[in-house]
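Visitor: next one to model:
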Amino acid sequence: MLFRVIISPQNIKKVRLDPVPDSVDGLKFELKSRLQLKDPFDLQYEDEDFHDFCNLTCLADLPKDKVTLKVLSTPCPDTSSDSSLDTAILSESSSPLTSSASIHSESYAARSQPWPTAFPIPLFVYDAELRLRQGNEAFRKYGTLLSIPRDMKIEILEKLAETIYSYKAYPGNEEIESVASALIEKHPCLKEPSSTSGWYGWKISIKFKMGNYRQKLRDAGCQELKVNSEKRGLGETRGKRNKVKKPRRCETNFLPDLPQGKDREGLDKERDQIAVEMTKRTPDITFVDAAMSSTYSLRRQEVIEEEPPVSQMKVRWPTLFTERQISKEFTRLVSKDLSKSFFEGLDGHISKLIQLFRSKRYEDIPEITSILESLHKDPSDREEDVIKGVVIGILVVVENVIEPLPSFYNDVVVMRHLRDIPNAFLNLMGLVYALNLDYPKELKFTCEVIQHLFIGLGSDSCTARVHSLKSKLLQ
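Guide: This is a model prediction of the structure:
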């Protein structure tokens, strides 16, 4: 059977399945494998009777030969790793602080999932929905378009802006297009007769409405948006021209406001409580997790606004430099499980990567040749010379381990005793996100491959070089 699968308005694939799975779950599993879909999803099919999409609950409802399916992403629960901290053996035993955990577990940010594969058009006010319903019916019967009054268009744009902001404060051009396209797909009566795509004018209107919506929130004191007024020298920071502080790597909770009813002084006291708790032989992990979640906004404001050195962050937030909290911080920041995403992406591409590296076309590429040679090179250089000029990296000690490490490592080693190289890369990327570090120039494309192809963040907006590798891996 031939399937036309709509993953997003800009991503439509053709898949042939023979034989067809005997259940909806089996079909979802097959599509997930074939199309490398990472997030949970539901399926809708185009019904022949109604000429519209319906939820797929039984394969018997599908047409016989050719089927159009739509992939709808569903919220992914928090599955952060529960691996133990590398500084102590932790137990779930209760302590005097456990009773206050519920107080600290309030939401640290409004966003709980990344930008969806298919943007969900929200419901509008009742009278607008009624007009749209009638307009869509007239469009299907007679092909007539709906002429909407100004107040109704304003309502639609404001609701769309609010929904967009729930995913991203600064959507890109492709994301704005996906919203406009999804709007027309759900409400075809809103198509523009003078536009080839049918939604170009809506795209422009949504883009301007997002700017107005951000300005309203900025005037209301939203820290995530207010911080960017500094680039124009506005407000209290007049004359100060900092670099633009926006999400650059698909962060969903880049700079959240402080929790309601909390101030910096109170959150700083919680930070001290975390440090005290971690000095115990068996810290209360429930309290530590809740307090780290509660103080997330304080931590992000320090990282984004003050840009402290890593050594200072390690002194103030030592718990952040543990495998458990790196994983949880990453989930708070991008609404995605770090370990699960990384290893699933790695497993999905590793066999093809090995084939590419072994192919003759890559034998003369200097970068790959250098990597292969380094695997067999005798590391006879002095240790001080090896780490000189290194911005970030992984230190591998294979024999003759001396504890403690030489003094010149004291200021550069932030984590120790990681299990293996893949796990080290995993935690390195987690720290880069948690500390808002730039990708080092020498490792820029390596980090982008890990971000876009392995972790699956922003895979539709990668650089040309990474996109080229992605195409080869999917061949």
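Visitor: rest of the way, CA atoms for contacts and neighbours
Guide: OK.
Visitor: chain neighbours aside, what residue packs nearest to residue 303?
Guide: residue 435 (6.1 Å; C-alpha to C-alpha, 6 or more residues apart in numbering).
Visitor: could you check how far the one you found is from residue 330?
Guide: Using C-alpha to C-alpha, to the nearest Å, one obtains 10 Å as the distance from residue 435 to residue 330.
Visitor: who's more crowded, the two?
Guide: Comparing residue 435 with residue 330 by neighbour count (other C-alpha atoms under 10 Å), the higher total belongs to residue 330, at 23 against 20.
Visitor: separation between the more buried one and residue 337?
Guide: Relative to residue 337, and taking C-alpha to C-alpha, residue 330 is found at 7 Å.
Visitor: name the next helix or strand downstream of the lowest-mean-pLDDT helix or strand in the chain, please.
Guide: Averaged element by element with mean pLDDT, DSSP states H and E, the chain has its least confident helix or strand at helix 101-104 (a mean of 34). Counting by DSSP states H and E, the next helix or strand C-terminal to helix 101-104 is helix 126-142.
Visitor: just how off-centre is the helix or strand following that next one within its chain?
Guide: As assigned by DSSP H and E, the chain's next helix or strand after helix 126-142 is helix 150-165. Distance of helix 150-165 from its chain centroid, counting by C-alpha atoms, centre = their mean, to the nearest Å, is 25 Å.
Visitor: could you give the angle of helix 150-165 to helix 126-142?
Guide: With axes from the mean of the first three to the mean of the last three C-alpha atoms, to 10 degrees as the basis, helix 150-165 and helix 126-142 are set at 100 degrees to each other.
Visitor: ranges for the helices of the stretch 351-475 of the chain?
Guide: 366-374, 383-387, 421-434, 444-449, 464-473 (DSSP state H, counting those that start in this stretch).
Visitor: weakest of those helices in terms of mean pLDDT?
Guide: Lowest mean pLDDT within the helices of the stretch 351-475 of the chain: helix 383-387, at a mean of 55.
Visitor: now do the most far-flung residue of the chain relative to its centre against residue 136, distance only.
Guide: Most distant from the centre of the chain: residue 142, at 42.5 Å, with distances by C-alpha atoms, centre = their mean. Here residue 142 is placed at a distance of 10 Å from residue 136 (C-alpha to C-alpha).
Visitor: please name the bridge partners of residue 66.
Guide: Counting by DSSP bridges, residue 66 forms beta bridges with residue 2.
Visitor: swap in the one 4 residues further on?
Guide: With DSSP bridges applied, the residues forming beta bridges to residue 70 are residue 6, residue 44.
Visitor: so the residue lying closest to residue 162 once chain neighbours are set aside: helix, strand or coil?
Guide: Leaving aside its sequence neighbours, residue 162 sits nearest to residue 213 (C-alpha to C-alpha, 6+ apart; 7.8 Å). Here residue 213 is recorded as helix under DSSP: H, G, I helix; E, B strand; the rest coil.
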